[in-house]
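Asks: Provided below for reference: sequence and predicted model.
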Amino acid sequence: MGRHSLPDDHESAASDPRPRARGRSVAIATALVLVVAGGAAAAVRSGLLTFGGSCGDEALRLDVVASPDVTPALREAADEAREKEITSDGHCIDVRVTARDSYKVAGELRSGKGDARYDVWVPDSELWVQRVGIGAERSKVSAAGHIAASPVGIGMVPSAAEAMGWPKKTYDWPKLAGAAMKGDKLRLGAADPARSATGLLALAKLGASAKKQSGKEGSTQAAAVAKALSARTTDTDGRLLETLARDDSGAEQGNPRRNQAVIVSEQAAYAHNASAGEENALDLFYPKDGSPRLDYPYTLVDDGRMSTDMSRAALRFMTMFSDADGRRILTEHGFRTDPDQPSDKLVTAAGGRTPQPYAGEATDPPSDKQLQETLGMWTITVQSARLSTVVDASESMRQLVPGRDQSRMEVTKSSLLQALAGFTDDDQIGLWEFATRLDGDRDYRKLEPTERLGDRKGDGTHRDELSEAFGALQPVPGGATGLYDTTLAAYREARSTYASGKFNALVILTDGANQDPGSISRSSLISQLEELSDPAKPVPIIAIAVGPEADKDEVQQIATATGGSGHQVDDPAQIHAVILKAIMEAGSNQG
C-alpha cells in the first residue's frame with residue numbers, strides 16, 4: 001500500500017453540511033432571524049424559492065467576509081450562483097466574498113466601532129462568535145448554521161512522521177506535544193492561539209487532556225508546552241506552513257528555525273499537500289484523545305438592518321452548501337461536509353491514513369471558561385518576563401533532602417537551572433542571595449542584575465553568566481535567614497526598575513522563617529509592601545517556602561501584600577513547576 005493510499009474502504013455520506021448537534025448554542029439570535037430562517041427553510045422545502053432561471057429584478061448584492069481558508073470555496077459557490085442564475089424570491093443573488101482573518105473581524109465586531117460593511121460572516125470557528133458575544137459594545141451576530149468542518153491535528157514532514165511511527169503509532173495530545181519538549185527531536189510550530197482558532201482549540205484540548213491525566217500538574221504541563229511553542233509561533237495560520245522544513249533538503253532539516261511539525265487543520269494540510277509534492281507533503285496525526293474541529297458558522301451580521309429580501313437571500317446562499325454541488329465544492333477544497341463520515345479521498349490527500357483515528361467523534365467544544373483560561377495561560381506564559389530571583393543561602397540549605405543524596409541548595413540550583421531553560425532570550429532575570437550579615441550589615445547581595453537573557457556579555461550571554469551564578473550558589477557557614485530586610489530591599493528595586501509591557505515579579509526562595517532579630521517586623525514589612533504596591537504597575541511577589549521548617553503562612557502573608565502568592569514545597573525539585581504555576585496565577589490576577 002502506498003504512502004498515501006486510501007485509509008479504508010467505507011464511502012463518504014455527506015448528506016448534511018453542518019456538524020452534528022453541539023452541546024450548547026453560541027448564536028446571539030433575534031426573533032427576526034429565527035422567523036426568517038424558519039420561513040426560508042420552509043420555502044425551500046415547498047419549492048417557493050426559485051433555484052434557477054432568469055432574474056426578474058435587479059440582483060441582490062450580498063457581501064460576505066470569510067476566513068481565508070474557506071474563502072476560495074465560497075467564491076466558487078458564488079460564481080456558480082451567478083452562472084446558474086440562482087435566485088431568492090425572484091431576485092438573483094450577487095455574492096461578493098472577501099477574505100479576512102477571523103480574529104480581526106471578531107475584534108471589530110466586539111468593539112462595535114464603525115458600521116460593518118458586510119452582511120454575512122463565515123469565521124473558521126464558533127469561538128470567534130463567542131468572542132463577539134462577550135464584548136461590551138458588540139454588534140449583533142446570529143449564527144444560522146454551519147457549512148463545513150475540519151478536525152485539528154499535527155502534521156509532520158515525512159522524515160519526522162516516520163521517526164514517530166506514522167501511521168501505525170497513535171498518540172494523545174500530551175504525548176505528541178511532549179515530543180517537542182525533548183531537545184531538538186521534534187520542532188513543533190503553531191499559530192498564535194490569540195489569533196488562531198486552530199492554535200487555541202489545540203491548546204485548550206491539550207490542557208484538558210493533560211489535566212485529566214495528571215490532575216493539577218496537567219495545567220503546569222500545558223503551560224510548559226505553551227512556553228515551548230511560543231518560540232515557534234507565527235502570527236496567523238497562513239504563515240505557519242511557510243515555516244516547514246523541506247524534506248528533500250538536509251540543510252533545512254537541520255535548520256533550527258525550520259519546523260518539522262505544525263498544529264494544523266485537516267483542510268490546511270489538504271491544501272498544502274496539493275502543491276507540496278510527495279517529498280514535502282505532510283503526514284497527519286489525529287490524536288487518539290480526540291480532535292477539536294473548526295466548524296465554520298454561517299453568521300448574519302446586524303440582521304436588524306437587513307430587509308427581509310436580504311435576509312432570505314443570505315440564507316438562500318447558505319442552503320447551497322447542503323445541495324450536492326455545494327458539498328462537492330467544499331469537499332474539493334478539503335472540507336468535511338459530514339464531519340463523522342469524511343471522504344476517504346479527502347483524508348488521504350490531507351495526509352491521514354488508517355489506523356490514525358481520523359473518523360473519531362469530535363471532542364466536546366471547550367466552554368467559554370476553558371477558552372478564557374487557556375488564553376490567559378497563553379498570554380502569561382509567553383509574555384516577556386522580568387523576574388528578580390532571591391535565593392536563601394543560610395546554613396540550613398546544607399541539609400539533605402529526604403530520599404536524595406543532595407542538599408536543599410543543590411536541588412534548588414538544579415531546579416532553578418531547569419526553570420531558566422524555559423525562558424526566552426527576551427526575558428529578563430536577575431539573582432540575589434541572602435543570609436544574615438551577608439554583605440557587611442546587609443543580609444543580601446546582588447549576584448547578577450535583572451537583564452535580558454540574550455544580551456551579550458564578554459564571550460557569552462547574560463543567560464550564560466546567570467547559569468554560572470546559579471551553579472555557584474553555596475550555603476553561608478553560620479548564616480541565618482534574613483528574610484524581611486531582604487524582601488523589602490529587593491521589592492523596592494523591582495518596583496523602581498519596573499518594565500512596561502512585561503510580566504514583572506519578584507521570586508523569593510527560603511527554607512526558613514526570618515531569623516534576624518535586628519530586622520524590621522513582619523507587620524512593618526507587610527505594611528511597607530502594601531504602600532509600595534501599585535496595581536497600575538504590578539510586581540507580585542512569588543514566595544516559595546522550601547522544606548518542612550519553612551513557614552508557609554509567613555510567605556503567604558508577604559506575597560499577598562503585593563498581589564502575589566505563597567507556596568510550600570517539600571522537595572526543591574518542585575520549584576520549577578511551582579514558579580510556572582505561580583506566574584500563571586499572578587498573571588491571571590492582573591488581568
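Replies: In hand now; what should we look at?
Asks: got the contact list for Gly178?
Replies: Gly178 makes contacts with 221, 225, as judged by CB atoms under 8 Å, 6 or more residues apart in numbering. Where C-beta positions appear, they are placed from N, C-alpha and C, glycine not excepted.
Asks: for it, give me the pLDDT.
Replies: Gly178 carries a pLDDT value of 85.
Asks: next, give phi and psi for it.
Replies: phi -60, psi -30 (degrees, to the nearest 10).
Asks: over to Pro517?
Replies: phi -70, psi -20.
Asks: what do you get for the one 5 residues further on?
Replies: When read as degrees, to the nearest 10, the backbone of Arg522 gives phi -60, psi -40.
Asks: before we move on, what about Phe317?
Replies: Torsion angles at Phe317 (phi, psi; degrees, to the nearest 10) stand at phi -60, psi -40.
Asks: buried residues in the strand or helix carrying Ser527?
Replies: Using DSSP states H and E, Ser527 sits in helix 522-532. Neighbour-count burial for helix 522-532, counted by 16 or more other CB atoms under 10 Å, picks out 522, 525-526, 528-529, 532.
Asks: with only the CA atoms kept, save the helix or strand hosting Gln568 in PDB.
Replies: Using DSSP H and E, Gln568 falls within strand 565-569. Only the C-alpha atoms of strand 565-569 are listed here, as PDB (Å, rounded to 0.1, in the frame of the first residue of the first chain):
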ATOM      1  CA  SER A 565       1.100  34.100  46.100                       C
ATOM      2  CA  GLY A 566       2.900  31.900  48.700                       C
ATOM      3  CA  HIS A 567       3.700  28.300  48.100                       C
ATOM      4  CA  GLN A 568       5.400  25.400  50.000                       C
ATOM      5  CA  VAL A 569       7.300  22.500  48.600                       C
END
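Asks: domains of this protein?
Replies: For the chain, the structural domains run 31-149+295-337, 383-590, going by automatic domain parsing.
Asks: least reliable of these by average pLDDT, please.
Replies: Note on the domains of the chain: lowest mean pLDDT is at domain 31-149+295-337, with a mean of 82.
Asks: in the stretch 201-350 of the chain, mark out all the strands, start to finish.
Replies: Ranges of strands in the stretch 201-350 of the chain, per DSSP state E, counting those that start in this stretch, are 233-234, 261-265, 283-285, 293-294, 297-301.
Asks: thinking again about what came up before, of all the buried residues of helix 522-532, which two lie farthest apart?
Replies: Farthest-apart pair in the buried residues of helix 522-532 is Arg522 and Leu532; separation 15.6 Å (CB to CB).
Asks: what residues are up against the most centrally placed residue in the chain?
Replies: The residue lying closest to the centre of the chain (CA atoms, centre = their mean) is Pro193, at 3.6 Å. Neighbouring residues of Pro193 by CB under 8 Å, 6+ apart: 199-200, 202-203, 374-375, 378.
Asks: let's have these in CSV, adding neighbour count, distance to Pro123 and pLDDT.
Replies: Listed next are the contacts of Pro193 as CSV, based on neighbours: other CB atoms under 10 Å; distance: CB to CB, whole Å; pLDDT from 0 to 100:
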residue, neighbour count, distance to Pro123, pLDDT
Gly199, 28, 14, 95
Leu200, 26, 12, 94
Ala202, 28, 17, 95
Leu203, 28, 18, 94
Thr374, 24, 18, 84
Leu375, 18, 16, 81
Trp378, 26, 19, 83
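Asks: which one of the buried residues of helix 522-532 sits closest to Arg96?
Replies: Leu532 (57.7 Å).
Asks: convert the C-alpha atoms of the helix holding Ser527 to CSV, please.
Replies: The C-alpha trace of helix 522-532 is given here as CSV (Å, rounded to 0.1, in the frame of the first residue of the first chain):
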residue,chain,number,x,y,z
ARG,A,522,6.7,41.2,59.8
SER,A,523,3.8,43.7,60.2
SER,A,524,6.1,46.6,59.2
LEU,A,525,7.3,44.7,56.1
ILE,A,526,3.7,43.9,55.0
SER,A,527,2.6,47.5,55.6
GLN,A,528,5.5,48.9,53.5
LEU,A,529,4.9,46.3,50.8
GLU,A,530,1.3,47.3,50.6
GLU,A,531,2.3,51.0,50.3
LEU,A,532,4.9,50.3,47.6
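Asks: which residues does the helix or strand just after that helix contact?
Replies: Once the chain leaves helix 522-532, the next helix or strand it forms, by DSSP H and E, is strand 541-546. Contacting residues not belonging to strand 541-546 are listed as 392, 408, 412, 487, 491, 505-511, 529, 551-552, 554-556, 558-559, 561-562, 564-569, 572, 575, 578-579, 582-583, 586 [CB under 8 Å, 6+ apart].
Asks: of those residues, buried ones?
Replies: 392, 408, 412, 487, 491, 505-511, 529, 551, 554-556, 558-559, 561-562, 564-569, 572, 575, 578-579, 582-583, 586.
Asks: was I right about Asp516 contacting Ala435?
Replies: No: shown here, Asp516 and Ala435 do not form a contact pair, counting by CB atoms under 8 Å, at 9.3 Å.
Asks: where exactly do the helices run in the stretch 401-550 of the chain?
Replies: Secondary structure of the stretch 401-550 of the chain (DSSP state H, counting those that start in this stretch): helices located at 408-421, 462-472, 483-496, 522-532.
Asks: tabulate those helices (TSV), appending distance to Glu278.
Replies: Shown next, in TSV, are the helices of the stretch 401-550 of the chain (distance: least, CB to CB, whole Å):
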stretch	distance to Glu278
helix 408-421	37
helix 462-472	41
helix 483-496	55
helix 522-532	63
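Asks: so which of these comes closest to Arg445?
Replies: Shortest separation from Arg445 across these is recorded for helix 483-496, at 9.6 Å, computed as CB to CB.
Asks: now do the contacts for Arg195.
Replies: Counting by CB under 8 Å, 6+ apart, the residues that Arg195 touches are 101, 103, 235-236.
Asks: tell me what Gln428 is bridged to.
Replies: Listed by DSSP bridges, the beta-bridge partners for Gln428 are Arg386, Arg452.
Asks: against Val390, how distant is it?
Replies: Counting by CB to CB, to the nearest Å, the separation of Gln428 from Val390 is 15 Å.
Asks: now swap in Glu549 and tell me
Replies: Computed as CB to CB, the Glu549 to Val390 distance reads 18 Å.
Asks: out of the two, which sits in the more crowded spot?
Replies: Set Glu549 next to Val390 and count neighbours by other CB atoms under 10 Å: Val390 wins out with 26 against 14.
Asks: next, that one: phi, psi?
Replies: Torsion angles, degrees, to the nearest 10, at Val390: phi -120, psi 120.
Asks: distance of it from Val569?
Replies: On the measure of CB to CB, Val390 and Val569 end up 16 Å apart.
Asks: how about Lys446?
Replies: As judged by CB to CB, Lys446 and Val569 stand 25 Å apart.
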